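S.K.: Just the structure for this:
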Amino acid sequence: MVATVDISLVGLATAATAGAISFLSPCVLPLVPGYLSYIAGGAGERDGAEQESRLHTFRLALLFVAGFTTLFVLLGMSAMALGGVLQRYQNEANLVGGALVIVFGLVMTGLFRLPMLMSDRRWQGPRHVRGPLGAFLLGVAFAFGWTPCIGPVLGSILAVTATSSGNGAILLGAYGLGLGVPFPLTALFMGSAAAAIKRMCRTGALLNIGAGAIMICIGVLMITGQLQAVAIWMLTTFPLLGTIG
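M.R.: Purely as a prediction, here's the structure:
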């Protein structure tokens with residue numbers, strides 16, 4: 001969620017961290033085991049070898065992640081295209097984009113609620129998906145269905161991209177990986193992961209509050225026109241976070 005002329009390590013790390021926080025959000029984390037069982041297609045029932053069943057679910061989980069990450073990248077490319085149009089109205093775009101990011105931040109902290117951003121649109125399909133293509137398509141459906149739920153963070157990245165010269169496709173790709181990496185890891189450790197998920201639900205709520213506060217600060221910086229200056233200061237002060245492309 002950092003806007004610079006090029007993509008920096010701090011920008012990628014921020015986007016990936018935002019994805020991980022989205023994974024821990026109360027409307028995603030509790031449903032992870034169910035989604036993994038869904039994409040596994042009952043592999044454990046057909047295959048008596050537990051280890052082989054986990055590897056099967058792991059491979060399908062990777063394709064599931066590839067599905068929603070692909071859609072996020074396409075959204076980032078769309079935001080970049082919109083940003084090119086908005087360059088003529090940079091000041092106005094910063095005001096509107098900053099206001100949106102502040103609203104998204106307030107939603108994340110729980111101080112303000114927008115039902116359409118905090119609900120899901122789950123597709124009620126067959127009991128199990130079939131094969132790699134089914135897992136990939138379910139990932140795409142996940143991105144569409146859960147966009148309202150993970151909307152505050154996703155919308156903030158899109159808003160920053162559309163009002164700056166940031167590379168939204170790469171940032172949204174990093175966001176997708178941050179959100180997605182825990183899925184196959186959970187598939188490998190399904191038994192112990194279920195108990196850990198219950199413990200992490202409370203942590204996820206606290207992380208949402210912290211992420212929301214950061215988003216509010218970013219929104220204020222956008223409105224005041226200081227976001228670019230802060231990004232440049234960070235890159236100048238910490239050269240290791242410099243641009244990579």
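S.K.: ok, then the element right after the top helix by length along the chain?
M.R.: Using DSSP state H, we find that the single longest helix of the chain is helix 50-86. Counting by DSSP states H and E, the element after helix 50-86 in chain order, helix or strand, is helix 90-109.
S.K.: and that following helix, average pLDDT?
M.R.: Helix 90-109 shows a mean pLDDT of 82.
S.K.: Give the buried residues for it.
M.R.: Buried residues in helix 90-109, defined by neighbour count with 16 or more other CB atoms under 10 Å: 93-98, 100-109. C-beta: built from backbone N, CA, C; applies to glycine.
S.K.: nearest to residue 24, of those?
M.R.: Nearest to residue 24 among the buried residues of helix 90-109: residue 108, at 12.0 Å, using CB to CB.
S.K.: show me the contacts for the closest one.
M.R.: Applying CB atoms under 8 Å, 6 or more residues apart in numbering to residue 108 gives the contacts 152, 153, 208, 209, 211, 212, 215.
S.K.: With residue 19 instead?
M.R.: So residue 19 contacts 153, 174, 175, 176, 177, 178, 179, 180 (CB under 8 Å, 6+ apart).
S.K.: where are the low-confidence patches of this protein?
M.R.: Counting by pLDDT under 70, the low-confidence segments of the chain come to 1-8, 41-50, 84-87, 113-130, 147-149, 164-166, 190-202, 204, 228, 231-245.
S.K.: tell me the angle of the helix or strand containing residue 143 relative to helix 50-86?
M.R.: For residue 143, the host element (DSSP H and E) is helix 131-146. Direction vectors for helix 131-146 and helix 50-86, defined by axes from the mean of the first three to the mean of the last three CA atoms, to 10 degrees, enclose an angle of 50 degrees.
S.K.: what's the next secondary structure element after helix 131-146?
M.R.: helix 151-162.
S.K.: the inter-axis angle of that next one versus helix 50-86?
M.R.: Using the same axes, to 10 degrees, helix 151-162 lies at 40 degrees relative to helix 50-86.
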